[in-house]
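Undergrad: structure, please.
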Amino acid sequence: MSRTTWLASYQQGDWCLQTAPNTSPIPFPELETSFSAANTTLIVAIPDAWIVHYQEEVDPAYDDELCYLAAATFASEVCAVTKESLLFRYQLNRAESNSPILSIEAVAMERLDGLSRYFDLTHDVSSFLLESDVSQLDIRTDAVRFNAFKSSSSKSNSSKFSADGTALQSQLVFERYDPVMKNRAQWWKKTKRFMCASVLLHASFASFYCYAQHFIPNPPAYVSPWASSDVKSASLSEQDILGLIRGISKTIRLDAFSWIEQTATVRLTGTQDSLSALEAQFRKQLGDQQLAVSTTPIIRSFARAKPESLYEATFEIY
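TA: Model (predicted):
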């Protein structure tokens, strides 16, 4: 449910309430007994005479967080109340030749005790403003809405309103001392800046990467010398031949291996069938490579020879 915005002002010794535009303010004692502040938002106009003004030179290195703490401290001292018991606003005026001036305006919350009987000043009040500032606001629509700040004395103040004219920004509004909320707002502001910077940085890297791809030559496609267990390359290395030898059957014994001037000589011992099968396997794997095979039967000198004779084979691969 939408909340109605009302304006409270102090006139002739009483707090008065304006519930609609173009209507006369009604003193609080004259309000009907059925009056309820439910579903309402209050904007409080503080009399200018109640405001305490103070100025102090500060270090040029002060950031917004330090200015906030310094303004709350000075306001507490000049109003003789704790920081939690006052309303204040501040502005840092930087001059090129002199030290920055911190201008502070403050008022003790006890001045607003008359409102606390009708409103919760913490939750029901949306803004605390100076009465002189409110008088320069343009009141329109079916509720008290502040559409534009018409003061010609301060150009910066004209930008203190949201796009729809329903919200006032910080330099016009008096605020309570709440460092946790202030730090949270500052943290969120810095987080949004970091996120924007991170997105821009990643986008820049991505754009540079895509741009650089046009200038980086594509690497040549890798062709394995053992595609589908067949050797298609025109020349073999010593490691290629050793790879072939590692795959021979356990029934064949490797006697010697040599690699001289791109020619591999492999001497093996095995049965005639196993050596023939190995030769067929080598020819299939080596493809276009030259393979010369010579076999010699081994003559046994002992009587108890195995029924299957052994052969010595020499494979030359070049």
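Undergrad: hey, where'd the helices end up in the stretch 101-250 of the chain?
TA: Here the stretch 101-250 of the chain has its helices, by DSSP state H, counting those that start in this stretch, at 131-134, 179-212, 238-246.
Undergrad: how about JSON lines for those, with mean neighbour count, distance to residue 68 and mean pLDDT added?
TA: C-beta: built from backbone N, CA, C; applies to glycine. Formatted as JSON lines, the helices of the stretch 101-250 of the chain follow (neighbours: other Cβ atoms under 10 Å; distance: least, Cβ to Cβ, whole Å; pLDDT from 0 to 100):
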{"stretch": "helix 131-134", "mean neighbour count": "17", "distance to residue 68": "20", "mean pLDDT": "84"}
{"stretch": "helix 179-212", "mean neighbour count": "10", "distance to residue 68": "6", "mean pLDDT": "79"}
{"stretch": "helix 238-246", "mean neighbour count": "15", "distance to residue 68": "73", "mean pLDDT": "81"}
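Undergrad: for those helices, give me CSV that also has distance to residue 123.
TA: Putting these into CSV (distance: least, Cβ to Cβ, whole Å) gives the following:
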stretch, distance to residue 123
helix 131-134, 21
helix 179-212, 14
helix 238-246, 81
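Undergrad: can you tell which of those helices is closest to residue 25?
TA: Closest approach to residue 25 among those is made by helix 131-134 (11.6 Å; Cβ to Cβ).
Undergrad: name the helices or strands packed onto the closest one?
TA: Identification of packing neighbours for helix 131-134 by 3 or more Cβ pairs under 8 Å, 6 or more residues apart in numbering; DSSP states H and E yields strand 4-11, strand 40-46.
Undergrad: can we see that at 7 Å?
TA: Contacts defined by 3 or more Cβ pairs under 7 Å, 6 or more residues apart in numbering; DSSP states H and E place helix 131-134 against strand 40-46.
Undergrad: what angle sits between the strand it packs on and strand 4-11?
TA: Here the directions of strand 40-46 and strand 4-11 differ by 30 degrees (axes from the mean of the first three to the mean of the last three Cα atoms, to 10 degrees).
Undergrad: contacts for strand 40-46, please.
TA: Strand 40-46 is contacted by residues 3-9, 107, 112, 115, 119, 124-131, 134, 144, 174 when judged by Cβ atoms under 7 Å, 6 or more residues apart in numbering.
Undergrad: again with stretch 69-89
TA: Contacts of stretch 69-89 (Cβ under 7 Å, 6+ apart): 52, 54, 56, 58, 62, 90, 102, 104-109, 128, 171, 173-177.
Undergrad: stretch 263-274 now?
TA: So stretch 263-274 is contacted by 241, 245, 249, 251-258, 275, 308, 310-318 (Cβ under 7 Å, 6+ apart).
Undergrad: so which bits of that stretch are buried?
TA: By 16 or more other Cβ atoms under 10 Å, the buried positions in stretch 263-274 come out as 264, 265, 266, 268, 269, 270, 274.
Undergrad: where's the one helix or strand the fifth one maps to relative to the chain centroid, distance-wise?
TA: Residue 269 belongs to strand 263-271 when assigned by DSSP states H and E. Strand 263-271 sits 66 Å away from the centroid of its parent chain (Cα atoms, centre = their mean, to the nearest Å).
Undergrad: okay, now the sheet partners of the helix or strand that contains residue 89, with direction.
TA: Using DSSP H and E, the element containing residue 89 is strand 86-93. Applying DSSP bridges, strand 86-93 is found paired with strand 101-108 (antiparallel), strand 175-176 (antiparallel).
Undergrad: on that earlier part again, among the contacts of strand 40-46, which ones are buried?
TA: Applying 16+ other Cβ under 10 Å to those flags 5-9, 107, 112, 115, 119, 124-131, 134, 144, 174 as buried.
Undergrad: if we can go back for a sec, tell me which of the contacts of stretch 263-274 fall in helices.
TA: The helices, defined by DSSP state H, take in 241, 245, 275 from the contacts of stretch 263-274.
Undergrad: so the last one sits against residue 314, correct?
TA: Going back to what we said before, that points to residue 275. No. Between residue 275 and residue 314 there is no contact under Cβ atoms under 7 Å: 10.4 Å.
Undergrad: between the two, which is the more surrounded one?
TA: Using other Cβ atoms under 10 Å as the criterion, residue 275 and residue 314 rank with residue 275 on top: 23 against 15.
Undergrad: state the distance from the more buried one to residue 281.
TA: Counting by Cβ to Cβ, to the nearest Å, the separation of residue 275 from residue 281 is 11 Å.
Undergrad: and residue 244, what does it touch?
TA: 282, 285.
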